[in-house]
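Engineer: I need the structure of the sequence given here:
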Amino acid sequence: MACRISELVLGCRDPEALARFWCEVLDFVVLDREEGGYVEIGPREGFGGPQPTIVFSHRDEPEPGKLRLHIDVNATDRDQDAELERLLQLGARPADVGQTGEESWHVLADPEGNEFCLLRTRLAPL
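Structural biologist: Below is the predicted model:
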């Protein structure tokens, strides 16, 4: 028997704002929340499905050091350029992590500065 990722937990200053951003990015919904504590988002079918949920947990101060985990996303219903434009309109911003400009992906930051990558390949929706 093996493990499967069921939740990703991200400490942040404003769980509600990041939940709204990532719900729009991933077409997720809010599954659970504790006022001032955390917000859990995930696919409409809820926890335990093929996709992990994401929990935004309130932290007054970011953890010291660089976040060692980042999220990669792929568009499902448009090409990479159109998805990049949509993500930027939602509040993502370009991030520089030393790219050469030859990469097939875009490095972005969410509204709290957490880096994530938009990959080129379009995936079929679940």
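
Engineer: and the spatially most central residue of the chain, which of the three is it?
Structural biologist: Central residue of the chain (C-alpha atoms, centre = their mean): Trp22, 5.2 Å from the mean position. Secondary structure of Trp22, reduced to three states by DSSP: H, G, I helix; E, B strand; the rest coil: helix.

Engineer: tell me, how many residues neighbour Gly42?
Structural biologist: Counted by other C-beta atoms under 10 Å, the residues lying close to Gly42 total 23. For every residue, glycine as well, the C-beta is placed using N, CA and C.

Engineer: what ranges does the protein have for its strands?
Structural biologist: 7-12, 29-34, 38-42, 53-58, 71-73, 93-94, 106-109, 115-118 (DSSP state E).

Engineer: give me the domain ranges for the protein.
Structural biologist: Listed by automatic domain parsing, the domain ranges of the chain are 1-61, 70-126.

Engineer: how about those in a markdown table, adding mean pLDDT?
Structural biologist: As requested, the domains of the chain are arranged in a markdown table below (pLDDT from 0 to 100):
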| stretch | mean pLDDT |
| --- | --- |
| domain 1-61 | 91 |
| domain 70-126 | 93 |
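
Engineer: tell me what the residue nearest to His106 when sequence neighbours are not counted is bridged to.
Structural biologist: Leaving aside its sequence neighbours, His106 sits nearest to Leu118 (C-beta to C-beta, 6 or more residues apart in numbering; 4.5 Å). Beta-bridge pairing for Leu118 (DSSP bridges): Val73, His106.
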